[in-house]
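Colleague: From the sequence below, what's the structure:
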Amino acid sequence: MENEKKKSFVVNVCYWLIIIVGIYIFFEYGFTYIAPFVIAFIIATCLNGVSQKLADRFKVKKKIVSLIVLIVFYCLIVLLMVFSGIKLFGWLAGAMMSLPETYRISMEPFLMQAFRVVENAFYEIDPATTAVLNDLFLQFSQSLYGLLTSISVKMVSIISNGATSLPMFVLKTFLTIITSFFIATDYDKIKEFMLKQFPNNWKNILEEANWFFASKLFVLFKSYIIIMSITFVEMAIGLTILRVENAVLIAVGIAIFDIIPILGTGGVVIPWAIISLLQGNTFLGIGLLILYVVVLVVRNIMEPRIVGSQMGLHPLITIMAMFMGLWLFGMAGFFLAPILLTFAKHLSDKGIIKLYK
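Modeller: Coordinates of the predicted model:
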């Protein structure tokens, strides 16, 4: 009896390891080729419920409603991407190109002043060391300027390469849009056909997945809108107190940037604070650092609770899922891992699979 339990445990562990490895290999090496079709199906699935409700309410054919809903959806996405993309591209390119000049005007005078203080202190102890310090500082200054110039050139090159890869991105996007229209107009037939291709014991899982992901993706989106709103309010209030011009607009940009894993608010606020301190604006520099700490603490407390409560997971499990997803699959994994884990829990609760006791 004991051996049977051990064998069962080993089989279950191997089973789930094979599934996890298979998912990893698929997303790492195979997903790129079918991504437009998968994304198109996900978009059509997420909007299918809205289309069905509108069709039932206004007594209109679902195909027509699906087309209208998709057109409105893509128009909103395009407007958002064009507006934010142009602004972001222009800002990044300008910031990277002006990095060496910013160093020469702002950072170098500050370093020179700091060096003079150190030099005077050493001169009083041992005048002979000042010549050595001068040489060291000159080498350090030249190396730092060269490093910043190199970073500037590389970043501009990366941005330019990103621009040259736009045609392929546009082609894939166009393919996704066209495919989503075909799927949306015949969604029920396509769904029925796909279900027939799987064994009966998989049909329940697929039907549950169809319902679950269509609803939970919206829930996750709503969760991050709440988090972004909290960050926006904090940043708007903080920047207003610090007497920063266009505080509300800057707060909107930082709140959007805050969703990006690893970088987040710190990717904007910390460099801004350092530059302010180097320019001698101590009030703004220290104020930004304090504001960043406040936003970071609030986010780390609120995010697992908000996402976890919306997804039905414990905050600890949510944090673990987010960072495991980030480690394995990057940014997409950071957002999707809690959903996948919640789906597994949902199937276990309904008795379709046995995940835990």
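
Colleague: Please count neighbours and contacts with C-alpha atoms only from this point.
Modeller: Will do.

Colleague: which strands and helices sit next to the top helix by length along the chain?
Modeller: Secondary structure of the chain per DSSP state H: the longest helix is helix 200-241. If you count contacts as 3 or more C-alpha pairs under 8 Å, 6 or more residues apart in numbering; DSSP states H and E, helix 200-241 packs onto helix 31-58, helix 247-257, helix 282-311, helix 331-349.

Colleague: how much does the second one deviate in direction from helix 200-241?
Modeller: In this structure, helix 247-257 runs at an angle of 150 degrees to helix 200-241, with axes from the mean of the first three to the mean of the last three C-alpha atoms, to 10 degrees as the basis.

Colleague: what angle separates the next helix or strand after helix 247-257 from helix 200-241?
Modeller: Sequence-wise, the next helix or strand downstream of helix 247-257 (DSSP states H and E) is helix 266-278. Computed by the same axes, to 10 degrees, the angle separating helix 266-278 from helix 200-241 equals 20 degrees.

Colleague: Okay, buried residues for helix 266-278 please.
Modeller: Using 16 or more other C-alpha atoms under 10 Å as the test for burial, helix 266-278 gives Gly266, Val269, Trp272, Ala273, Ile274, Ile275, Ser276, Leu277, Leu278.

Colleague: where along the stretch 1-150 of the chain do the helices fall?
Modeller: Ranges of helices in the stretch 1-150 of the chain, per DSSP state H, counting those that start in this stretch, are 2-25, 31-58, 62-97, 99-102, 108-125, 129-164.

Colleague: how about the second one: buried residues?
Modeller: By neighbour count with 16+ other C-alpha under 10 Å, helix 31-58 contains the buried residues 36-48, 51-52, 54-55.

Colleague: hang on, the earlier thing: distance to Asp188 and mean pLDDT added to the helices and strands packed on helix 200-241, as JSON lines?
Modeller: Converted to JSON lines, the helices and strands packed on helix 200-241 look like this (distance: least, C-alpha to C-alpha, whole Å; pLDDT from 0 to 100):
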{"stretch": "helix 31-58", "distance to Asp188": "9", "mean pLDDT": "84"}
{"stretch": "helix 247-257", "distance to Asp188": "35", "mean pLDDT": "82"}
{"stretch": "helix 282-311", "distance to Asp188": "27", "mean pLDDT": "82"}
{"stretch": "helix 331-349", "distance to Asp188": "22", "mean pLDDT": "76"}
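
Colleague: With respect to Ile23, which of these lies nearest?
Modeller: Nearest of the helices and strands packed on helix 200-241 to Ile23, taken as C-alpha to C-alpha: helix 31-58 at 9.8 Å.
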